[in-house]
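Undergrad: Sharing a model prediction with you, sequence too.
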Amino acid sequence: MEYCTKPITSNPDALLSEPVGDDNTFKRISCKIKHCCDKFRLKDRNFQRQYAHLYSERLITMRTCLESAAKQKWGSDIVIRKLHELNSDETCVVIGTLFKHMELQPSILREISDEHGLLPQPLTSKYTSSEDKLILEDELQRITLVGELQVQTSVTGVIVAVHGVEPEDDKGKFHVKDYCFQQLPAQDPLPSLEQDRYLVFVSGLEIGSKCEQQFNLQLFVDMVTGQLGCPEQQAANANIAAVIVAGNSLSKDTQTKDTLTKAKYLTKNTVAGSVEAMKSLDDYLVQLAACTDVVVLPGEFDPCNYTLPQQPLHRCMFPQAARYPTLHCATNPYEAVIEGIRVLGTSGQPVQDIYRYSSLEDGLQILDKTLEWGHLAPTAPDTLGCYPYYDEDPFILKECPHILFSGNQNKFQHKTHKGSDGQRVLVLSVPRFCQTGTAALVNLRTLESFPMVFQSEIGSDTMEVDSPVAEK
Amino acid sequence: MTVDSLFLENIEEFVNDENKIVTYKWLSQTLNVNCNTAKQMLFKYIDTVRNDKNKDDISATYFISGLSKPDIDGVQAFKSAVIPEEKLGSYKDSYMVVTSCHVYSVQKSTLKDSNALYMTDFEKFKENVFNSNKYSSIQCERAELRSREEMEMLTMKMVPAADTEKAAPSAVSKPVQKAMPKSAIASMFAKTENSKGGPVKETAKSEPAKAAKIEDAKPAKTETAKSAKTGPAKADGKKTEAASKKSDGGMKSFFPKQQTESSKPASVTTKKDEKPKEVKKEIQKSPEKPASKKTARKEDSDDEPIFISKRRKTDQDLFASDSGEGEEMEEESECPLPPSPPGAKEASPEPEEPVKKSPTKQQVSKVDTGKTSGTGSRRIRKRKQVNKTYMDKDGFMVTEKVWESESTDASESEEPVKKDVKKPAVKSPAKGGGKKASPKKKPSPSKTNSAKQTSLTAFFKKS
C-alpha cells in the first residue's frame, strides 16, 4: 500500500481473522538527516547592540540579488540610484527596505507616555488600518512610496526594488510604477528516490491545555510506530522516515505567566504547569523515538527563549526520550537536508506576525509571500522578537528549499510554488493538532502531501474536524 | 510460531472476571505477543462469544482507516478512527478506500468516552517505558537505547550539539574525558590505600604523585603549588581525604596548604601543636576508615572549623602588622626554603616533626623574643598613626600625625582575632540567642582550640 491518491490494499480486513502467529515485522526505512540549523544557533548572547546592524546587513546582502533581479525585469540599461542621488523626474530604480507606518501598531513609548494619558491598546487580531503608509528606506534616506506597491499586503522589513519616478512637483514621494523582489535562489535538483519515503509534520500538540487530544495523539503515535493498522498499512508506515514536531508542543495554559504578577505568598508552592506537560510530552516522544527519527522544534508556548531564532529544547527535559539517539532537538526556524531534500520551516511565529500586520488572511498565502520576498521573517525585529545580530541575517533565503513549512496554522494546506528558474517548492501549512487532529504526510519522492486525520467517536465523543483544504 | 490456545480463556478472564478494558495493545504487552496477533485474538474472542455462547454482553470498538471521499473542497484525507461496533458499517461507507480495519478493544460495559481506552494503554506503558515498541510491527535499528556511559559523556560535553554527528565528536571526546574521571578514580585509589591502614609514610609517598596529578587538573595558586612540593605529610593526608570527593574536595585541600604557608610566620607554634593533634586523629581514623564517603566527609567537616579559625587568625595577623609586612615577606620567602628539608624527610614519623620545626621556626621568626615552642606569645610590632604634639621653632604648638611603631604582645591581639572567630560562628547557627550571649559563649570553645596560652585578663577586656 502507498500513501497516494489511489492507495491499493489487497486485504484491509486481514486482521479480522484467526490468529496464526505469522506476523512479519517491518524495518523502519533509513533516513539520512543532515541538520543545517547551525546558522540559527546563537554563539554569544550580546543584547547590547541595536537592531540597526541587522537591517543594514539585510540590505547589503540582498542588494546584489535585487540588482540582478531588477536588471532582468526591466532591462539591463535601467538606472539604479540611491535615494540621496535621486534626480527629479528621472525614471530609475531604488533598492531599499520597506517600512510600513501603522497608526495602530502598539508602541511602547506611547503606552508609557504620561502626557498622552492613553489607555493601553485593546488587543485586536490585526493592527492595520486604511491610513497606513509605506516608506522606503535605504542606507541614508527615506522616501514615501505611492503607486503600484500595495500597502495592505506589504510588511515592514522586506527588501524591494521599486521602479518609478520622483516627480518635480511632488517631492518627497516616489511614484512606483513597478516593483520586484529577490528572485528565488537556486535550488538543488530533486534527488530521485527509488522508494517512497514519507515525512510527517505535526504541530500544535498543546499538551497541558483543556482541549488537549490525548487519545488522538496516542492514535497518531501508534500509527507511526506500527501498532495500528493492517500489515499492509503498517508496511507503508514503515516508510515514514522521520517525524517533525513543529512547535507548540506545550500549550499556552502551561505558561502560567500570572506568577510574575501575583504575590509571592500565593504562588509559593505552586508547580509550573509546564512540568507536568513536559513529562507528558516526554512520554509521547519516547514512544516515537523508539521507532523513528523525531525532530522537535520549539514554539511560541514552549519553555524556550522568546526571540527568534529559538534555541533547541535541552535534552535534559526529555529524560526518557533523550536516551534514544533518534531524538533531535532543533532550532526554530529549522533547516535540514533529509535524503537530499532541503526542508525549511518555522513553528509559525513569522506567519502569525505577518497576519497581524497586513491584510493577508490565508496562512498559506503568507507563507508563499515570504518565499517571494526571499526572507523567512521580514517583520523581525520590528514586531517579531529577534536576536540583535551584528554581521549576519540568517533568515535571508540563500538557497531554495524543496519543502517550506509553517506549523500551528489553522488548517492543512499545501501548494507548489514555481520559481522563475524552474524551482518547485512545496509550501505546506501544518495545522494545530489540538484543534484538528491532523498531521501532514509528505512523500519525499513525489513531493505530494496528504493530511492524516485521527479521530474517535466513542460514546459522546464526536470530533469536529475541520475539513482539510488543499490549494493546487 | 504457533499461538498459545489459552488466549481465549485469558481474554475471557480479563473481560468478564476482572472487568478490564482489553485493548489490542494491552493484550499484546500482557501476553507478550505481536500486536497483530493480539488483534486477531480479540477478533476470535468476539467471534466465539457472539456465535457460541450467545451471552452477548461484551462490547467492542474497532479501528478503521482509509482514504476519505473528497470533501467540499475536493480534498481527500487519510482518516483513521476508533469507533464503536455499531458505527462500523456507516464509517466503511464514508471511505473511498478502506486501508485497514481491525478490532481495537473489547470490554464488558459500553464506553462513555475514549479516556478509559487511553488510560488502559497508558498505565501499561508506564510499567515499562522503554519496551513500548517491543511488540510493534515496525522495528528501527537506529533507535538503540544509549548506554549509561554515553549519557554521561553527553552530560559532560560543553557545547550543546544535538546533531546526528554527535557520535563522532563524542567518540573523540571520550578519551579526553576519560582522563578526568581517571584522575578522580586515581584519587579514590589513593584514599582506599590510606584506609587499608598502611603506614602514613607510604601514603605520604604516593601522595605527591597523585597530588601532582590533581594539581594539574585543578587551578593551583603559586602558594599552593609551592606547598605541594613541600608536602608535609599531614597536609597530604588531609588532601587524600579531601580529594577522595571530587573537585570541591580538592578545593578544600588547598586551604590547609594556604594555612600551612601563611600561618607559618604568624603562628608556627600553633600549627605545630595542632599537627600532632590532627596527625593523631588521622592515625586513629585511618584504620577505622572504610572507603565510605561518610567518614571522609565527617573528617573534613571536623577539620574545617579548625582551619577556618586558623585562617581567620592569619588574616587578622596580616592586617594587624603593617610594619610587619616587610618582615612577613621575608618570612614567607624563607618559608619555602626551610620547609623543603622537612618535606624531603617526610618519611620520618610524625612526632619527630615538631622537634624539627622548632629550629626552623627560630630561624624564621626574627621577631621572636626567644620564647620557644609551647608558649603562644610572640611580639607583634605594629605601626600606628599617632598624634604627636610638639613646639616648633617659632614657638607654636604643632600637632602632627606620625607613624609610630608600637609593639604589643600576642594576648592583646587575641581579642580582635577572637571577635572574627565569633562573627562567622555567630552567623552560621543563624538562630536567636542574644548577640551578646553568643559572643560570650563562643570564646570558650575557640579558646580551648587555640594552642596559645592567654592570660585571664583577656576575658575581661572589651567585654
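TA: Sure, I can see it.

Undergrad: where's the closest residue to chain A within chain B relative to A:Gln227, distance?
TA: As assessed by CB to the nearest CB, chain A sits closest to B:Ile138 within chain B, at 3.1 Å. (Glycine included, C-beta is placed from N, CA and C.) Remark: distance between B:Ile138 and A:Gln227 (CB to CB, to the nearest Å) = 9 Å.

Undergrad: I figured the residue of chain B closest to chain A was touching A:Gln233, is that so?
TA: No: using CB atoms under 8 Å, B:Ile138 makes no contact with A:Gln233, being 11.0 Å away.

Undergrad: These two - which one has more neighbours?
TA: Between B:Ile138 and A:Gln233, counted using other CB atoms under 10 Å in any protein chain shown, the more crowded position is A:Gln233 (26 against 22).

Undergrad: so the nearest residue to B:Phe7 once chain neighbours are set aside is in which element?
TA: Spatial nearest neighbour of B:Phe7, chain neighbours left out: B:Met41 (4.9 Å); criterion: CB to CB, 6 or more residues apart in numbering or on different chains. Per DSSP states H and E, B:Met41 falls inside helix B:35-48.

Undergrad: what do you get for A:Val430?
TA: Per DSSP H and E: strand A:424-431 holds A:Val430.

Undergrad: residue ranges with poor pLDDT in chain B?
TA: Residue ranges of chain B with pLDDT under 70: B:1-4, B:53-55, B:158-379, B:407-451, B:462-463.

Undergrad: Let me know the distance separating A:Thr346 from A:Gly385.
TA: The value you get for A:Thr346 to A:Gly385, if CB to CB is used, is 13 Å.

Undergrad: Just the CA coordinates for stretch A:77-95, please, in CSV.
TA: This file holds the C-alpha atoms of stretch A:77-95, laid out as CSV (Å, rounded to 0.1, in the frame of the first residue of the first chain):
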residue,chain,number,x,y,z
ASP,A,77,20.1,49.6,-19.1
ILE,A,78,18.0,50.9,-16.2
VAL,A,79,19.5,53.2,-13.7
ILE,A,80,19.8,52.1,-10.1
ARG,A,81,20.0,55.0,-7.8
LYS,A,82,20.4,55.5,-4.1
LEU,A,83,18.0,57.9,-2.5
HIS,A,84,20.4,60.7,-2.0
GLU,A,85,21.3,60.7,-5.6
LEU,A,86,17.8,60.8,-6.9
ASN,A,87,17.1,63.3,-9.7
SER,A,88,13.6,64.7,-10.1
ASP,A,89,11.5,63.3,-12.9
GLU,A,90,14.0,60.6,-13.7
THR,A,91,12.7,57.1,-14.0
CYS,A,92,15.0,54.9,-12.1
VAL,A,93,15.2,52.0,-9.7
VAL,A,94,15.7,52.3,-6.0
ILE,A,95,16.5,49.4,-3.7
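
Undergrad: helix or strand right after the helix holding B:Met41?
TA: Using DSSP H and E, the first helix or strand after helix B:35-48 is strand B:59-68.

Undergrad: residues contacting A:Met62?
TA: A:Met62 makes contacts with A:Ile159, A:Gln182, A:Gly374, A:His375, A:Ile396, as judged by CB atoms under 8 Å, 6 or more residues apart in numbering or on different chains.

Undergrad: meant to ask about B:Lys79, not that
TA: When contacts are counted by CB under 8 Å, 6+ apart, B:Lys79 touches A:Met452, A:Val453, A:Phe454, A:Gln455, B:Ser65, B:Gly66, B:Leu67, B:Ser68, B:Tyr95.

Undergrad: List the residues that contact the first one.
TA: Read that as A:Met452. Contacts for A:Met452 (CB under 8 Å, 6+ apart) come out as A:Val200, A:Phe220, A:Met223, A:Thr438, A:Ala439, A:Ala440, A:Leu441, B:Ala77, B:Phe78, B:Lys79, B:Ser80.

Undergrad: Which helix or which strand is home to it?
TA: Per DSSP H and E: strand A:448-456 holds A:Met452.

Undergrad: circling back to that earlier point, so what sits against both of A:Thr346 and A:Gly385?
TA: A:Leu308.

Undergrad: the more surrounded of the two?
TA: A:Thr346 (29 against 13).

Undergrad: The more buried one touches A:Leu404, doesn't it?
TA: No: with contact defined as CB under 8 Å, A:Thr346 does not reach A:Leu404; the gap is 9.2 Å.

Undergrad: So for B:Ala116, what's the nearest residue that isn't a sequence neighbour?
TA: Nearest residue to B:Ala116, sequence neighbours excluded (CB to CB, 6+ apart): B:Ile21, at 5.6 Å.

Undergrad: got it, and A:Cys211?
TA: A:Cys211 sits nearest to A:Cys434 (CB to CB, 6+ apart), 5.6 Å away.

Undergrad: before we move on, back to that, name the nearest residue to the residue of chain B closest to chain A, ignoring sequence neighbours.
TA: Counting by CB to CB, 6+ apart, the residue nearest B:Ile138 is A:Gly226, at 3.1 Å.

Undergrad: again, but for B:Lys126
TA: Counting by CB to CB, 6+ apart, the residue nearest B:Lys126 is A:Asp283, at 7.8 Å.

Undergrad: In contact with the one you found, which residues?
TA: A:Gln320, B:Phe122, B:Phe125, B:Lys126, B:Val129.

Undergrad: how about TSV for those, with distance to B:Lys461 and neighbour count added?
TA: Below are the contacts of A:Asp283 laid out as TSV (distance: CB to CB, whole Å; neighbours: other CB atoms under 10 Å in any protein chain shown):
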residue	distance to B:Lys461	neighbour count
A:Gln320	66	19
B:Phe122	74	15
B:Phe125	74	18
B:Lys126	70	10
B:Val129	69	15
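
Undergrad: out of those residues, which are inside helices?
TA: Among the contacts of A:Asp283, the members falling in helices (DSSP state H) are B:Phe122, B:Phe125, B:Lys126.

Undergrad: Next, find the distance separating the second one from A:Gly208.
TA: The one in question is B:Phe125. On the measure of CB to CB, B:Phe125 and A:Gly208 end up 19 Å apart.

Undergrad: Check the last one too.
TA: From B:Lys126 across to A:Gly208, the span is 18 Å (CB to CB).

Undergrad: returning to what we had before: among the contacts of A:Asp283, which one sits closest to A:Cys65?
TA: Of all the contacts of A:Asp283, A:Gln320 has the smallest distance to A:Cys65: 45.8 Å, by CB to CB.

Undergrad: which ones are touching residue 97?
TA: Since no chain was named, I'll use chain A. Contacts of A:Thr97 by CB under 8 Å, 6+ apart are A:Tyr55, A:Arg58, A:Leu59, A:Leu136, A:Glu137, A:Asp138, A:Thr156, A:Gly157, A:Val158, A:Ile159, A:Val160.

Undergrad: Let me rephrase: I mean chain B.
TA: A:Lys6, A:Pro7, A:Ile8, A:Thr9, B:Gly66, B:Leu67.

Undergrad: can you list the residues you listed in JSON lines and add distance to A:Ile33?
TA: Formatted as JSON lines, those follow (distance: CB to CB, whole Å):
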{"residue": "A:Lys6", "distance to A:Ile33": "30"}
{"residue": "A:Pro7", "distance to A:Ile33": "26"}
{"residue": "A:Ile8", "distance to A:Ile33": "30"}
{"residue": "A:Thr9", "distance to A:Ile33": "30"}
{"residue": "B:Gly66", "distance to A:Ile33": "30"}
{"residue": "B:Leu67", "distance to A:Ile33": "28"}
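
Undergrad: just the buried members of the residues you listed?
TA: Using 16 or more other CB atoms under 10 Å in any protein chain shown as the burial test, the contacts of B:Val97 include A:Pro7, A:Thr9, B:Gly66, B:Leu67 as buried.

Undergrad: Those residues into JSON lines, with extra columns for distance to A:Tyr389?
TA: Below are those laid out as JSON lines (distance: CB to CB, whole Å):
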{"residue": "A:Pro7", "distance to A:Tyr389": "46"}
{"residue": "A:Thr9", "distance to A:Tyr389": "51"}
{"residue": "B:Gly66", "distance to A:Tyr389": "49"}
{"residue": "B:Leu67", "distance to A:Tyr389": "46"}
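
Undergrad: Quick check: the farthest pair among these?
TA: Using CB to CB, those reach their maximum pairwise distance at A:Thr9 and B:Leu67, which is 9.9 Å.
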